[in-house]
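Participant: output the structure for:
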Amino acid sequence: MFQIGKTIVSEEIIENDFMCNLSACKGACCIDGDAGAPLTEEETQILKDIYPKVKPFLREEGIKAIEEQGTFITNGFGELETPLINGADCAYVIFDDKKTALCGIEEAYNQGLISWKKPVSCHLYPVRVKEYSEFSAVNYDKWSICDDACTLGKELQVPIYKFVKEALVRKFGEDWYSELEKVAEQKLNQ
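Facilitator: Now for the predicted structure:
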């Protein structure tokens, strides 16, 4: 672990490689598990505001889940997250013709209908950020469904922090990411 500003960062995001391999996993991170995508307070308002523009991209069961549960939920621990369809798929998940899970929010973004790409927690994956009162913990969330992404990342020599650069900059800013690059360079030269 090392510190950058008010973040404690796991060295695993420098030491491990990762490159999403959707053709192998079919977007399993959006449909497996038992919780929705973590959200910030600000993102809950964004979801409410953009829902009318995102709705046409969603599946019927996703629309039903959102209209029954809301554009976001608060889980049993008081954390904000996206709602699920029958305790499995994220309500915002759509599928392409190859049955690969994609994000309905991101599809609306890609078509220029909204200016928000998707929840930052989704954009950051496999990095997870846990907020504490004095600092944020930045960790690698190793999950077996991403084994193919680890293999591809190793093959292409793409460390996690480079794979999620855009999302890390979105979350913490350019200066923070520049510091991360310096730390990574120092670690790799040791």
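
Participant: name the SS class of the residue nearest to T82 when sequence neighbours are not counted, please.
Facilitator: Using Cβ to Cβ, 6 or more residues apart in numbering and skipping the chain neighbours, the partner closest in space to T82 is G36 (3.6 Å). The way it works is simple: take the backbone N, C-alpha and C, and place the C-beta from them, glycine included. In terms of secondary structure, G36 is coil; the call rests on DSSP: H, G, I helix; E, B strand; the rest coil.

Participant: what's the pLDDT at G36?
Facilitator: According to the model's per-residue confidence, G36 sits at a pLDDT of 91.

Participant: who's in contact with it?
Facilitator: Under the criterion of Cβ atoms under 8 Å, 6 or more residues apart in numbering, the contact partners of G36 comprise F72, I73, N75, E81, T82, P83, L84, C90, A91.

Participant: repeat that for N86.
Facilitator: N86 is in contact with E61, A65, counting by Cβ under 8 Å, 6+ apart.

Participant: what are the buried residues along the worst-scoring helix or strand of the chain on mean pLDDT?
Facilitator: One helix or strand of the chain scores below all others by mean pLDDT, DSSP states H and E: helix 22-25, with a mean of 84. When neighbours are counted by 16 or more other Cβ atoms under 10 Å, the buried residues of helix 22-25 are found to be C25.

Participant: so the spatially most central residue of the chain, which state does it fall into?
Facilitator: By Cα atoms, centre = their mean, the chain has its centre lying nearest to C122, at 1.5 Å. With three-state DSSP as the basis, the three-state label of C122 is helix.

Participant: and it, how close does it get to L102?
Facilitator: As for C122, its distance to L102 is 11 Å (criterion: Cβ to Cβ, to the nearest Å).

Participant: what do these two both touch?
Facilitator: Both C122 and L102 are contacted by C30, under the criterion Cβ under 8 Å, 6+ apart.
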